[in-house]
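Asker: Got a sequence here, can you model it:
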Amino acid sequence: GTKKFPLSKLLKAAFQDMMKIVLDKRPSPVELGLSYQGHGAWADGSLFEGVIVKKDAVELLGSTTKQLGKTLGVMNFGGNCAEGRWKMLETTHPFATMITA
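Answerer: Below you'll find the predicted structure:
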């Protein structure tokens, strides 16, 4: 759980707040994607080098797609070593139309 990972819970909440701001300014974006560069982590669905743990990442991506009313257009993990593995795709595929890894 997130009790062991308080930074994960904090960052999940910060990203949820940021998405609210983005969608308040542009309520119906044509497409919205997620891309970041850096090191990979456990390739299990966690985000940002494992700082947002899998459980929180799934909740974050779920709340984001719920706010959007659709999946993200793309999630790009192509620049992150170790993220192009089956568990990452298995966990994140419900939240994007296309995933690059």
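
Asker: Okay, the nearest residue to W42 once chain neighbours are set aside and P94: tell me how far apart.
Answerer: In this structure, W42 finds its nearest non-sequential neighbour in G50, 5.5 Å apart by CB to CB, 6 or more residues apart in numbering. (Each C-beta comes from the backbone N, C-alpha and C, glycine too.) For G50, the distance to P94 (CB to CB, to the nearest Å) stands at 20 Å.

Asker: same thing with G84?
Answerer: With CB to CB as the criterion, G84 and P94 are 18 Å apart.

Asker: now swap in R26 and tell me
Answerer: According to CB to CB, R26 stands 23 Å off from P94.

Asker: what about G50 and P94, which has more around it?
Answerer: Higher neighbour count among G50 and P94: G50, with 19 against 11, using other CB atoms under 10 Å.

Asker: So the more buried one belongs to a helix, correct?
Answerer: No. Looking at G50 with DSSP: H, G, I helix; E, B strand; the rest coil, it is coil, so not inside a helix.

Asker: what's the closest non-adjacent residue to K20?
Answerer: Closest to K20 by CB to CB, 6+ apart is Q67, at 7.2 Å.

Asker: any idea which helix or strand carries the one you found?
Answerer: Element membership for Q67, per DSSP states H and E: helix 54-68.

Asker: Beyond that helix, next helix or strand please.
Answerer: By DSSP H and E, the next helix or strand past helix 54-68 is strand 72-76.

Asker: in that following strand, what's buried?
Answerer: 72, 75-76 (16 or more other CB atoms under 10 Å).
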